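Undergrad: coordinates only, sequence not included:
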């Protein structure tokens, strides 16, 4: 959509922009080879993509070798800074910690952290646990559980969560993919609702809602830096453009889409400012650059760590599984990718999770 619009308006530096699309099929080991092909064979000016932290880390040495530039659109655990990456998704400071604060404001006192077993959930939960400790929640009131990708058997797990959390607890979920479907299905089977034991998800958004249409999700929450239902002039224009492009009058947007949009707009503006696609020149033009986002906020590229200053938003699901914002930060939040809440002794376990 963005490339077609750009080319209709004359392209970039007087030339049309061409998309080269690679499909690693969620095979972590395929990302490095495909990134190398993009940079060496196709001579791309920038890469937009990767999803899990494992896939991004596979690409990092390739980017360094060929001086490539990656715009990474996913929320992630932080603890990284590369001159070859512009991180357009949320960090824990912008997503996980505001989520914890919101649950605490609701009077929740016990926390069960459940996630898929890979680096993002494990690192994020280590940060959450230490942050909770700083807020007066002891380790005896925090539990963790990790499951394989696509976990389907949740009966005993939900019972364990339910037994630990009690009536004043909450679940913070970093589950990936269809694990969410089976998790929420088992919650409903065991009679759990958001009043008794709410879920705050850090990885569930509008794209996953169709797969959960039969589940009772009223009152469960999410934390992001963008929601489809944000009421801003910029967001209405963003949604209308997407619906026109897809031909679907009900098409929805989501946080990673906005992060992708931000990355592409920042890159094109920086190329125009630099007068070249040379990575060093573009990187220099990106530093401190500001852009009005669909969220309605002015997003800024941090000149030191190349993460974005973005708003924090808490959303709540209604009876139609539409996610509505219930709390939004008053201004953009600094990314702080190197978390003060990550204990040094947590790193050996995290390395194994990678």
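TA: Nice, thanks for sending it over. Since we're looking at a predicted model, the values are computed, not measured.
Undergrad: which residues of this structure score low on pLDDT?
TA: 343-354 (pLDDT under 70).
Undergrad: let me see the contact set for the residue positioned nearest the centre of the chain.
TA: Centroid check for the chain by C-alpha atoms, centre = their mean gives residue 75 as the closest residue, at 2.4 Å. With contact taken as C-beta atoms under 8 Å, 6 or more residues apart in numbering, residue 75 is in contact with 89, 90, 91, 95, 120, 202, 203, 224, 225, 255, 256. Glycine gets a C-beta too; all of them are placed from N, C-alpha and C.
Undergrad: for the stretch 251-354 of the chain, what spans make up the helices?
TA: For the stretch 251-354 of the chain, helices defined by DSSP state H, counting those that start in this stretch occupy the ranges 255-274, 279-286, 347-353.
Undergrad: tell me which of these approaches residue 15 most closely.
TA: Taking C-beta to C-beta as the criterion, helix 255-274 is the member of the helices of the stretch 251-354 of the chain that comes nearest to residue 15, at 10.5 Å.
Undergrad: list the buried ones in that closest one?
TA: 255-271, 274 (16 or more other C-beta atoms under 10 Å).
Undergrad: so which elements touch that helix?
TA: helix 2-8, strand 47-48, strand 70-72, strand 85-87, helix 233-246, helix 279-286, strand 290-292 (3 or more C-beta pairs under 8 Å, 6 or more residues apart in numbering; DSSP states H and E).
Undergrad: how far does it sit from the chain's center?
TA: Distance of helix 255-274 from the chain centroid (C-alpha atoms, centre = their mean, to the nearest Å) equals 16 Å.
Undergrad: then stretch 121-128?
TA: Put simply, stretch 121-128 sits 14 Å off its chain's centre (C-alpha atoms, centre = their mean).
Undergrad: kindly report the same for stretch 266-276.
TA: 25 Å.
Undergrad: now stretch 273-290
TA: 24 Å.
Undergrad: try stretch 81-98
TA: For stretch 81-98, the distance to the chain centre is 8 Å (C-alpha atoms, centre = their mean).
Undergrad: that stretch: end-to-end distance?
TA: One end of stretch 81-98 sits 22 Å from the other (C-alpha to C-alpha, to the nearest Å).
Undergrad: after the helix or strand hosting residue 143 comes which helix or strand?
TA: Residue 143 belongs to strand 142-147 when assigned by DSSP states H and E. Counting by DSSP H and E, the next helix or strand C-terminal to strand 142-147 is helix 155-165.
Undergrad: quick one on the thing from earlier: closest one to residue 168 among the helices of the stretch 251-354 of the chain?
TA: Nearest of the helices of the stretch 251-354 of the chain (C-beta to C-beta): helix 347-353, 28.3 Å.
Undergrad: of the contacts of residue 75, which is the most crowded?
TA: Taking other C-beta atoms under 10 Å as the neighbour criterion, residue 224 ranks highest of the contacts of residue 75 with 33 neighbours.
Undergrad: is that residue in a bridge, and if so with what?
TA: Residue 224 has these beta-bridge partners by DSSP bridges: residue 313.
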